[in-house]
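> Turn this into a model:
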Amino acid sequence: MSEEAATAVEASPVETESHEDVHYQAVEKEGVVTAIWEMQGQKHIRTIDPRSNEGKQILALFETAA
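Prediction:
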């Protein structure tokens, strides 16, 4: 796991009950996104597969913002 580095992915924040922004982080290994983490503040909410429809949509948002 020491080879993995989390890179912040800019996406539209989602308002939640605790009023902390939800954001996404792409986990890359050797230049390939292996997972997307949904985060609320510093808390990990869930992991999204980058090959799933939702994962592809999140990555597409990041690519168009760059």
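> State the distance from Gly41 to Gln57.
From Gly41 across to Gln57, the span is 23 Å (CB to CB, to the nearest Å). For every residue, glycine as well, the C-beta is placed using N, CA and C.
> got it, and Ala65?
13 Å.
> Over to Ile45?
From Ile45 to Gln57 the distance is 17 Å (CB to CB).
> show me where this structure has strands.
5-14, 22-29, 32-40, 43-48 (DSSP state E).
> For the shortest one, buried residues please.
The neighbour-count criterion (16 or more other CB atoms under 10 Å) identifies Ile48 as the buried residues of strand 43-48.
> okay, now Ile58: neighbour count?
Neighbours of Ile58 under the rule other CB atoms under 10 Å: 21.
> Could you report the pLDDT at Ala65?
For Ala65, the model assigns a pLDDT of 79.
> What is the neighbour count of it?
By other CB under 10 Å, the residues close to Ala65 number 10.
> Please apply the same query to Gln57.
Taking other CB under 10 Å as the criterion, the count of residues near Gln57 is 12.
> what's the answer for the one 3 residues further on, then?
A total of 11 residues lie near Ala60 under the criterion other CB under 10 Å.
> ok, Val22 touching Gln42?
No: with contact defined as CB atoms under 8 Å, Val22 does not reach Gln42; the gap is 12.0 Å.
> These two: who's more crowded?
Ranked by neighbour count (other CB under 10 Å), Val22 and Gln42 place Val22 first, with 17 against 6.
> Which residue, other than its chain neighbours, is closest to Val27?
Ala35 (4.3 Å; CB to CB, 6 or more residues apart in numbering).
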